[in-house]
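**Q** give the three-dimensional model of this entry:
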Amino acid sequence: MSLDPSRLAPMANAIRALSMDAVQAANSGHPGMPMGMADVAAVLWSDYIKFDPADPKWPDRDRFVLSAGHGSMLIYSLLHLSGYARPTMEDIRNFRQLSSPCAGHPENFLLDGVECTTGPLGQGLAMAVGMAIAERHLNTQFGDDLVDHRTWVVAGDGCLMEGINHEAIGLAGHLKLGQMIVLWDDNNITIDGTTNLSTSEDIPARYRATGWHVVSCDGHDFGDIRRAIDEAIADERPSLVACKTVIGKGAPNKQGTSATHGAPLGADEISAAREVLGWDAAPFEVPAAILADWRSTGDRGKAAHGEWRQRLEGDVDIRAKFENWMMGVADLAAPALEEHIAALAAEPKNVASRKASEMALGPLTAKLPQLIGGSADLTGSNNTKTPSTGPFTAEDYSGRYLYYGIREFGMAAAMNGMMLHGGIVPYGGTFLIFSDYCRNAIRMSALQRIGVVYVMTHDSIGLGEDGPTHQPVEQVMSLRLIPNLNVYRPADAIETAECWALALQTPNTPSVLALSRQNLKPVRGEGDGDWTASSNKSARGAYRLRAATAARKAILIATGSEVQLAMEVADELEAQGIGADVISMPCAELFDAQDAAYKADLLPDGSPAEILRVSIEAGVTMGWERYTTSNGLNIGLDRFGASAPAEDLFERFGLTAKAIVPQIVNKING
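**A** So this is what the prediction gives:
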């Protein structure tokens, strides 16, 4: 449906009116971007984007990502005007208020039609790369009949300045993701003022250099917008459409300036804008004829959805495969590992937990085709590739392994996009120290409630000679601070497999697997031969690995490589008549979620003077006092490491039984 400009203009003005009214009512917000991109959005919705408001989760819908999330009134206006159940007009009236799903920045868990949470600039575009990857991969599995849709992005100057943009567009260009089209709100304005205050780069040239098709248009000329989008669709490369716009278009005294970026226009300017735009309707009202034109924009998508449904239901076997595939892996992960864990119990392995992770991934990737792996140029170190995961390339989208290059942040954001798209469960590897490069994307995984799995190896000074630049000290504990993120640090091969099962069972919670470079002696095996999901000891976050034999005077709580150390410490204490429990705590978050009785059994509330609680972890000790109490003993590393073989480092920093046992004895004896 190509509407005449005489009908498109009022449609665009409806976006402008709702945006300036909502921001004014909230007394906060960003009216400039939605007012500037209203014409582009009206063309996109009326002529191109494929959606069905009656079924916002339809798998073959186009994905629309508002990367410039501060301009959230653009997407709220579009969803309301085109007929989604929410936001209602009342929701929009309450923009940025506690009762409204119209948050300051769009949040995927509040509104259908918001494909991802955006706000941290650049990440929306980077997540869209992951969505485009997912679309192309699923297309190889189910063909054009069931998977053939585009990923559209609206991005501003800030999105294109962020460093993650370099990572994201380099990956998209390399993979020739031609179903991805970015509409750049090219208005030359940032918060501080005009863009020439901070940049002079040739953005179109940068995109061309990374393998993108680039076209420009007048963002206020409906015909020119169509021409540019048509060119983008026709090109096999990902496209950047540079839409030359005026920020705050329609506000006669403020348009084109940073004054419209992040503040209400004010009553006088809104009154003047209404006159310029010819908008006579009262605030939060849209004339019936204009609303009817907007509601008709979904007709094309509704028809396409009906045809898609007929194709799906026309083949019983394909339908079953598709629906089972899209259900995910949460119920399948643990059964896929039962034979593997039984084999480990029968023949315990003395291997690094990164190697144990690779061993677990073997059966997982063989049995669960939804899993797509990758690494940020550390495949051989992260051990993330398996025989079942061939390369995903521009020539073969059926591959299940992505070579992300040295793009940790871009990898993490792309995985978020894949998980949000659906049909894909991504995992990706890097060194744990580089979690800091990924951190905001990891936080966005948690905020968006998506079960991305981060495989982060070389988890302590145990990595050895690479030294303090590469040795994590504060990373594990700092990751534990992120809400809705499970941080796993397994002690041996069986715990590693258990943690993989748990990570894949939580589609609404992301996971970090912190894995060792050095070999770890097995601490499990006995009694694990008939392992099932219900017998997963790691599922409770912490468990008593060994009970004291002498009268209990100490409880040793350890994670990862230090669990074996805790066992050695317990042996020496028991030899002195000091009974010591050993608690393995692979996931503090899961332990915190247990009931009071279970926690009290592991960590009795008796007098701390009678039972000393000791934490042992090769990282910062801050945070462990919540388990050891103020009278406990926290063994760790509250400084940076050094360059040396791992064994020398553990001895140098007192992470040996010889160094720890006297501290415990002295503490117990007062």
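**Q** name the next helix or strand downstream of the host helix or strand of Ala597, please.
**A** Per DSSP states H and E: Ala597 is located in helix 596-602. Following helix 596-602 in sequence order, the next helix or strand is strand 612-616 (DSSP H and E).
**Q** starting at the chain centroid, how far to that following strand?
**A** 34 Å (Cα atoms, centre = their mean, to the nearest Å).
**Q** sheet partners, orientation included, of it?
**A** strand 552-558 (parallel), strand 633-635 (parallel) (DSSP bridges).
**Q** of those strands, flag the one that's most buried.
**A** Stretch with highest mean neighbour count among those: strand 552-558 (a mean of 24; mean count of other Cβ atoms under 10 Å). Bear in mind the C-beta positions are built from the backbone N, C-alpha and C, glycine included.
**Q** now the stretch 551-670 of the chain, which segments are flagged as low pLDDT?
**A** 606-609 (pLDDT under 70).
**Q** helices along that one, start to end?
**A** Ranges of helices in the stretch 551-670 of the chain, per DSSP state H, counting those that start in this stretch, are 562-575, 588-592, 596-602, 625-628, 646-652, 657-668.
**Q** ok so, going back, C-alpha coordinates for the helix holding Ala597, CSV please?
**A** The C-alpha coordinates for helix 596-602 follow below in CSV (Å, rounded to 0.1, in the frame of the first residue of the first chain):
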residue,chain,number,x,y,z
ALA,A,596,16.1,-21.1,54.7
ALA,A,597,16.3,-24.7,55.9
TYR,A,598,18.7,-25.7,53.2
LYS,A,599,20.9,-22.7,53.7
ALA,A,600,20.9,-23.3,57.5
ASP,A,601,21.9,-26.9,57.0
LEU,A,602,25.0,-26.0,55.0
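**Q** residues contacting it, please?
**A** Residues external to helix 596-602 that are found in contact with it (Cβ atoms under 8 Å, 6 or more residues apart in numbering): 540, 542-544, 555, 581, 583, 591.
**Q** buried ones in that helix?
**A** 599, 602 (16 or more other Cβ atoms under 10 Å).
**Q** for Glu574, which residues are in contact?
**A** 548-550, 580.
**Q** deepest-packed of the helices of the stretch 551-670 of the chain, please.
**A** By mean count of other Cβ under 10 Å, these have helix 562-575 as the most buried, with a mean of 21.
**Q** pull the distance from that one to the chain's centre.
**A** That offset, for helix 562-575, works out to 38 Å (Cα atoms, centre = their mean).
**Q** my read: Ile557 touches Ile583, true?
**A** Yes. Look at Ile557 against Ile583 with Cβ atoms under 8 Å: they come within range, at 4.6 Å.
**Q** overlap in contacts of those two?
**A** If you check Ile557 and Ile583 against Cβ under 8 Å, 6+ apart, the residues they both contact are 542, 603.
**Q** distance of Gly619 relative to Gly579?
**A** Gly619 is 27 Å from Gly579, where distance means Cβ to Cβ, to the nearest Å.
**Q** so which of the two has more stuff around it?
**A** Counted by other Cβ atoms under 10 Å, Gly619 and Gly579 do not tie: Gly619 has more neighbours, with 27 against 17.
**Q** OK, contacts around that one?
**A** 460, 472-477, 636-637 are the contacts of Gly619 under Cβ under 8 Å, 6+ apart.
**Q** out of the residues you listed, grab the one that's most surrounded.
**A** Most surrounded of those: other Cβ under 10 Å gives Ser460, at 31 neighbours.
**Q** excluding its backbone neighbours, what's nearest that one?
**A** Ala618 (4.0 Å; Cβ to Cβ, 6 or more residues apart in numbering).
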